[in-house]
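In: what follows is a predicted structure for the sequence shown.
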2 protein chains.
Amino acid sequence: MEFSSKLLENAVNEIAMLPGIGKRTALRLVLHLLKQPSEQTLHLTEALLRMRNEIIYCKSCHNISDVEICEICNNETRDKRIICVVEDVRDVMAIENTNIFKGVYHVLGGKISPIDGIGPSQLNIASLIDKVKNELVDELIFALSSTMEGDTTNFYIYKQIKELNVKISTIARGISVGDELEYADEVTLGRSLMHRIPFESSIKSM
Amino acid sequence: MEFSSKLLENAVNEIAMLPGIGKRTALRLVLHLLKQPSEQTLHLTEALLRMRNEIIYCKSCHNISDVEICEICNNETRDKRIICVVEDVRDVMAIENTNIFKGVYHVLGGKISPIDGIGPSQLNIASLIDKVKNELVDELIFALSSTMEGDTTNFYIYKQIKELNVKISTIARGISVGDELEYADEVTLGRSLMHRIPFESSIKSM
């Protein structure tokens, strides 16, 4: 792409560094901003800068927060003895949306991925182990995505706490509610069969 | 979407105001920025702010430029008597990429679109009419997209200069080079037939 302006080129290149945004899309976004009042660009950049510089991670669960201890950790009605281990804030939001879970979270901030240069020390794993060792924890629920990296991370944590007196579980994998069996992949369908549950308990959850 | 942080929510909302970017994508982009060094956010916001506040439009053709008269208008080898009328800088870039056009441009900055509240006065039309009236212009080439808005804009300009001694043309519409006839839409194929050209001149352009 040949640009008629360095300012334009820089803006496009910076936006195109974001994941999933190519140069054409970046150019479209930049031209949109040029057509809008300059206040929009000002508000956008201010929001990004403030977010990047002032954001706080909850000291207990490491979720993104505006205060030192997040709302969920600070909520007296949540059961601190059940900890759901997730990758990032999006997973917390997804689980909170279900209104099913009344425990607390521990946000790892990623998964162990040697290929991306992410080892256990870059994740919030040590503080999780500490919590299990020093606080009253009954159960850890692993809710990472079931990929190679997710499984590796689960196993890494499991190895360090398996001797301790804590229940370790993982969320159920199976056919989505409402899905047709014929379209399910065989791994999911296989797990669904292997981890079948008593019919009575399936009625209870309806 | 329920956010655990106002800072996060503001950043997501501002990004989601950009066209074609929903809240989920915005959240993904923001979380990406949080994982990168804060310099990346700083560079991104600086590039956007500088672009928005310092960008200059060429005084002659209204293309985005870093100087008062853009490179193309300032180029002695370009034929100022042939003006290609386009919508925005992307069209200039696309035509420049062909290396075929040796005239200059006039960037309207949009198309007449009553539904979006865009009338002729918001576009760079008056300066185009002035140019045709007061400067040595042999030909105007309309290269707007062939939509209702593009056709309206072409016709609006045409009405004001049709009495003047200037050739008015429009870029050819037809089947793309390399495309199969059977997949072409009927309007394009119809125009292609209507505006057929002598075979000899098609050989010359190969």
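Out: Everything's here; your move.
In: quick check: the gap between the residue most central in space within chain A and chain B.
Out: Residue closest to the mean C-alpha point of chain A, counted by CA atoms, centre = their mean, is A:Asp88 at 2.3 Å. Computed with CB to the nearest CB, to the nearest Å, the distance linking A:Asp88 and chain B is 6 Å. C-beta: built from backbone N, CA, C; applies to glycine.
In: and the helix or strand of chain A with the lowest mean pLDDT, how far from the chain's centre?
Out: Ranked by mean pLDDT, DSSP states H and E, the helix or strand of chain A with the weakest confidence is helix A:199-204, at a mean of 74. Distance of helix A:199-204 from its chain centroid, counting by CA atoms, centre = their mean, to the nearest Å, is 30 Å.
In: alpha carbons only: can I get the longest strand seen in chain A in PDB?
Out: Scanning chain A for the longest strand, with DSSP state E as the assignment, gives strand A:79-86. The C-alpha coordinates for strand A:79-86 follow below in PDB (Å, rounded to 0.1, in the frame of the first residue of the first chain):
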ATOM      1  CA  ASP A  79     -18.300 -19.200  48.700                       C
ATOM      2  CA  LYS A  80     -14.600 -18.500  48.900                       C
ATOM      3  CA  ARG A  81     -13.900 -22.300  49.400                       C
ATOM      4  CA  ILE A  82     -14.900 -23.100  45.800                       C
ATOM      5  CA  ILE A  83     -12.500 -21.600  43.200                       C
ATOM      6  CA  CYS A  84     -13.100 -21.700  39.500                       C
ATOM      7  CA  VAL A  85      -9.800 -21.400  37.600                       C
ATOM      8  CA  VAL A  86     -10.200 -19.500  34.300                       C
END
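In: skip ahead from it and say which helix or strand is next.
Out: helix A:89-98 (DSSP states H and E).
In: buried residues, that next one. List them.
Out: Of the residues in helix A:89-98, A:89, A:91-93, A:95 count as buried by neighbour count, 16 or more other CB atoms under 10 Å in any protein chain shown.
In: what's the answer for stretch A:105-121, then?
Out: Here stretch A:105-121 shows A:105-113, A:118, A:120 as buried, counting by 16+ other CB under 10 Å.
In: which of these lies closest to B:Thr153?
Out: A:Gly110 (50.4 Å; CB to CB).
In: got a list of what the closest one touches?
Out: A:87-88, A:118, A:122-123, B:35 (CB atoms under 8 Å, 6 or more residues apart in numbering or on different chains).
In: helices and strands around the least confident helix or strand of chain A, which ones?
Out: The helices and strands touching helix A:199-204, judged by 3 or more CB pairs under 8 Å, 6 or more residues apart in numbering or on different chains; DSSP states H and E, number zero.
In: outside of it itself, list whatever touches it.
Out: By CB under 8 Å, 6+ apart, helix A:199-204 touches no other residue.
In: and for stretch A:47-56?
Out: So stretch A:47-56 is contacted by A:64-68, B:5, B:7-8, B:10-11, B:13-15, B:30, B:33-34, B:38, B:41-42, B:44-45 (CB under 8 Å, 6+ apart).
In: can you rerun that using 6 Å?
Out: A:65, B:7, B:10-11, B:14, B:38, B:41, B:45 (CB atoms under 6 Å, 6 or more residues apart in numbering or on different chains).
In: and chain A, which residues reach chain B?
Out: Proximity of chain A to chain B (CB under 6 Å from any CB of the partner chain) is limited to residues A:4-8, A:10-11, A:14, A:18-19, A:29, A:32, A:38, A:41, A:43-45, A:47-52, A:54-55, A:63-66, A:70.
In: so among these, which ones count as buried?
Out: The buried subset of these - by 16+ other CB under 10 Å - is A:4-5, A:7-8, A:10-11, A:14, A:18, A:29, A:41, A:44-45, A:47-49, A:51-52, A:55, A:63-66, A:70.
In: quick one, domains of chain A?
Out: A:6-54, A:75-171 (automatic domain parsing).
In: about what we covered before: which ones among the buried ones among the residues of chain A next to chain B are found in helices?
Out: Residues of those located in helices (DSSP state H): A:7-8, A:10-11, A:14, A:29, A:41, A:44-45, A:47-49, A:51-52.
In: circling back to that earlier point, got a markdown table for the buried residues of stretch A:105-121, with distance to B:Lys59 too?
Out: As requested, the buried residues of stretch A:105-121 are arranged in a markdown table below (distance: CB to CB, whole Å):
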| residue | distance to B:Lys59 |
| --- | --- |
| A:Tyr105 | 58 |
| A:His106 | 60 |
| A:Val107 | 54 |
| A:Leu108 | 56 |
| A:Gly109 | 51 |
| A:Gly110 | 51 |
| A:Lys111 | 54 |
| A:Ile112 | 57 |
| A:Ser113 | 53 |
| A:Ile118 | 52 |
| A:Pro120 | 59 |
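In: can you pick out the most distant pair from these?
Out: Farthest pair in the buried residues of stretch A:105-121, by CB to CB: A:Tyr105 and A:Ser113, 20.7 Å.
In: would you check that A:Cys58 makes contact with A:Ser65?
Out: Yes. Taking contacts as CB atoms under 6 Å, A:Cys58 lies within contact range of A:Ser65: 4.4 Å.
In: show me where chain A has its strands.
Out: Listed in chain order, the strands of chain A (DSSP E) span A:56-57, A:64-65, A:79-86, A:103-107, A:139-142, A:167-170.
In: A:Lys111 touches A:Asn154, doesn't it?
Out: No. A:Lys111 is not in contact with A:Asn154 according to CB under 6 Å; the separation is 9.1 Å.
In: pLDDT weak spots in chain A?
Out: Residues of chain A that meet the criterion pLDDT under 70 lie in A:205-206.
In: ok, back up a step: tell me the one among the contacts of A:Gly110 nearest to A:Val166.
Out: A:Leu123 (19.0 Å).
In: quick one: contacts for the closest one?
Out: If you count contacts by CB under 6 Å, 6+ apart, then A:Leu123 has A:108-110 around it.
In: tell me the phi and psi of it?
Out: Backbone dihedrals for A:Leu123, given as degrees, to the nearest 10, come out at phi -110, psi 170.
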